[in-house]
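K.L.:
after the sequence you'll find the predicted model.
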Amino acid sequence: MNLSSKSWISRIAFSLVTTSALTGNVLAEKANIDFLPLEVTDGFKCSESVSNQESFDFWLGWDQTSLPDWPLNDIRRDLGRLISHKASDEPELITTIISKLESSHEAYERHHAVIDLIKLDLNIKPADQIISETHVDDILRSAASLSPSAKNFVSNLILNKTFDASIDTALDMKISAANEGNADALLELTSHMEHPFVQEYWGINSDITVLLAFGSLLGEFDENYCNRVKKIAREFSEGNYVQKDIVASSAWYAHLADLGDVSSAWKVAEFNMIAPKSMRDDVALYNYLTIAFEAGYTPSIDGTLKYLRSDEYSPNHLPIIETFLTNAAENGHDKALNALVHFYKIGQPFGYQAVRLNQLLEKQYLSGNSEAALQLAIDLMQVQSPTDNDIKQIASYLEAAMKSDNNSTKAIAFNLLRSLSQTASEKEAS
């Protein structure tokens, strides 16, 4: 079911315009809507997207002779990432990709190339520098053939005075993009509701405009579905265009998590950590934290540790969190391991656990942690009447501690090792 077709948006928009009052003052206030996720029953799952670094590695090693035999959308995805993150470092590489796209892909027309060149310029030049008149003329001449996202992009350049054109031209392009279903244009229109031009040619109140935007984001269950729907979850969380609603945001993140999106699973778990106690759901916390931790999603570990250090944690959550930090430590997450060592050593919040502390210190030592080696040596030196094996083990720990980059650790280990040698000599003499 395609909810974002241009004809669907256009028909609804036209119907609403013809039945709405186009006069009077339309207040530009945040929308107040109740919008729920769809049920997904066809086995759709969020696809794992290629990371920025994977994209950069490929293109920085590209021979620049011919473009890879990829779908146009994949190349444009990577081009967008390069423009956003590598514009200053790799302008010639980016320009080459744009040139080859224009010459080899019919669907990548001249106005697409100009838009990307403008984006490249904007990421290199100062923000207040006016774009060249040639680019302005090129784009405005082809305005009618621009894609909805390109129309909205140019509209914002004019509104931000980066392009020299009238505000009415900008708002006309934004309304055109909105009529074609562009979610950003629809959302941004709510900030211009008081402008006479918008009242005359749009005239739909903010609640319905935002509803149209959210509907356009749902669209088909395709590879971009999850990224689009994250906008809805974030919008309810941040409250830029709608009234802030953390419960609604969590429901949308849960929807995405149930489709396999790991970052959204962490968002749901985090909500159930920091929400007022009456709103927390320990079962949801357990389930979604499991998804995030088992996938090795690093922000979930960082966020959990931040939660524990805030002293606002719920005691009911401690068993769940301790279990998952332990699992993460056993799976090689150094931050989880180091945090547990600290927590067990000070006895908060999980209580002092000598056996577990020793096991974790041993794990740190085996991974090359000099400070853990020193701690293990000190603990073992407290044993009454150490055996020969104890002394050999202490010596191994101290020798490992001697390799520390920390001069204090190294000095302590050196003197304890010397003391240990004297103890061993005295034992042999007796």
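P.N.:
Now that the structure is in, tell me what you want to look at. Numbers count the residues shown, from 1 in each chain.

K.L.:
quick one: low-confidence parts of the chain?
P.N.:
1-28, 126-136, 422-430 (pLDDT under 70).

K.L.:
hmm, try it at 80
P.N.:
Scanning the chain for pLDDT under 80 picks out 1-29, 40-42, 47-50, 125-143, 163-164, 296, 311-312, 331-332, 383-386, 420-430.

K.L.:
relative to Met193, how far out is Pro148?
P.N.:
Distance of Pro148 to Met193, computed by Cβ to Cβ, to the nearest Å: 20 Å. No exception for glycine: its C-beta is placed from N, CA and C like everyone else's.

K.L.:
what about these two, which has more around it?
P.N.:
Pro148 (23 against 19; other Cβ atoms under 10 Å).

K.L.:
spatially central residue for this protein, please.
P.N.:
Ser263 (7.1 Å; Cα atoms, centre = their mean).

K.L.:
how about the contacts made by that one?
P.N.:
297, 299 (Cβ atoms under 8 Å, 6 or more residues apart in numbering).

K.L.:
cutoff 10 Å now
P.N.:
Ser263 is in contact with 46, 226, 230, 253, 256-257, 292, 295, 297, 299-300, counting by Cβ atoms under 10 Å, 6 or more residues apart in numbering.

K.L.:
same question for Leu120.
P.N.:
79, 82-84, 86-88, 90-91, 94-95, 98.

K.L.:
and what of Ala257?
P.N.:
Ala257 touches 46, 226, 250, 263-269, 284, 287-288, 291-292, counting by Cβ under 10 Å, 6+ apart.

K.L.:
before we move on, back to that, give me the buried entries from the contacts of Leu120.
P.N.:
79, 82-83, 86-87, 90-91, 94, 98 (16 or more other Cβ atoms under 10 Å).

K.L.:
switch these over to CSV; also include secondary structure and distance to Leu38.
P.N.:
Shown next, in CSV, are these (DSSP: H, G, I helix; E, B strand; the rest coil; distance: Cβ to Cβ, whole Å):
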residue, secondary structure, distance to Leu38
Leu79, helix, 31
Leu82, helix, 34
Ile83, helix, 33
Lys86, helix, 37
Ala87, coil, 37
Glu90, coil, 40
Pro91, helix, 42
Ile94, helix, 37
Ile98, helix, 37
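
K.L.:
is it correct that Ile75 is in contact with Ile97?
P.N.:
Yes. If you go by Cβ atoms under 10 Å, Ile75 and Ile97 touch, sitting 7.4 Å apart.

K.L.:
for these two, list the residues in contact with both.
P.N.:
Joint contacts of Ile75 and Ile97 (Cβ under 10 Å, 6+ apart) are 59, 67.

K.L.:
how close does Val247 get to Ser300?
P.N.:
21 Å.

K.L.:
circling back to that earlier point, nearest to Tyr241 among the buried ones among the contacts of Leu120?
P.N.:
Ile83 (25.7 Å; Cβ to Cβ).

K.L.:
surely that closest one meets Lys119?
P.N.:
Yes. Between Ile83 and Lys119 a contact is recorded at 5.0 Å, counting by Cβ under 10 Å.

K.L.:
find residues that contact each of those two.
P.N.:
By Cβ under 10 Å, 6+ apart, the residues touching both Ile83 and Lys119 are 94, 98.

K.L.:
residues in contact with Phe343?
P.N.:
Here Phe343 is in contact with 305, 308-309, 322, 325, 349-353, 356-357, 360 (Cβ under 10 Å, 6+ apart).

K.L.:
distance of it from Leu325?
P.N.:
8 Å.

K.L.:
just Ala254 next, same as before
P.N.:
23 Å.

K.L.:
more neighbours: which of these two?
P.N.:
Neighbours per residue, other Cβ under 10 Å: of Ala254 and Leu325, the larger number sits with Leu325, 23 against 20.

K.L.:
how about that one, secondary structure?
P.N.:
helix (DSSP: H, G, I helix; E, B strand; the rest coil).

K.L.:
grab the nearest non-local neighbour of it.
P.N.:
Spatial nearest neighbour of Leu325, chain neighbours left out: Ala336 (4.7 Å); criterion: Cβ to Cβ, 6 or more residues apart in numbering.

K.L.:
which SSE is the one you found in?
P.N.:
helix 334-346 (DSSP states H and E).

K.L.:
distance between that helix and the chain's centre?
P.N.:
On the basis of Cα atoms, centre = their mean, to the nearest Å, helix 334-346 sits 26 Å off its chain's mean C-alpha point.

K.L.:
swap in stretch 293-307?
P.N.:
Its chain's C-alpha centre and that of stretch 293-307 lie 13 Å apart, by Cα atoms, centre = their mean.

K.L.:
give me the neighbour count for the residue nearest to Leu325.
P.N.:
Neighbour tally, Ala336, other Cβ under 10 Å: 24.

K.L.:
would you mind writing the CA trace of whichever strand or helix holds Thr304 as PDB?
P.N.:
Taking DSSP H and E as the definition, one finds Thr304 inside helix 298-309. Extracted as PDB, the C-alpha positions of helix 298-309 are listed here (Å, rounded to 0.1, in the frame of the first residue of the first chain):
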ATOM      1  CA  THR A 298      27.800   0.700  21.600                       C
ATOM      2  CA  PRO A 299      25.600   3.700  22.400                       C
ATOM      3  CA  SER A 300      23.400   1.400  24.500                       C
ATOM      4  CA  ILE A 301      26.400   0.700  26.700                       C
ATOM      5  CA  ASP A 302      27.400   4.300  27.000                       C
ATOM      6  CA  GLY A 303      23.800   5.400  27.700                       C
ATOM      7  CA  THR A 304      23.300   2.700  30.300                       C
ATOM      8  CA  LEU A 305      26.400   3.700  32.100                       C
ATOM      9  CA  LYS A 306      25.400   7.400  32.000                       C
ATOM     10  CA  TYR A 307      22.000   6.400  33.500                       C
ATOM     11  CA  LEU A 308      23.700   4.500  36.400                       C
ATOM     12  CA  ARG A 309      26.000   7.400  37.100                       C
END
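
K.L.:
which strands and helices lie in contact with that helix?
P.N.:
Contacts defined by 3 or more Cβ pairs under 10 Å, 6 or more residues apart in numbering; DSSP states H and E place helix 298-309 against helix 262-274, helix 282-294, helix 318-330, helix 334-346.
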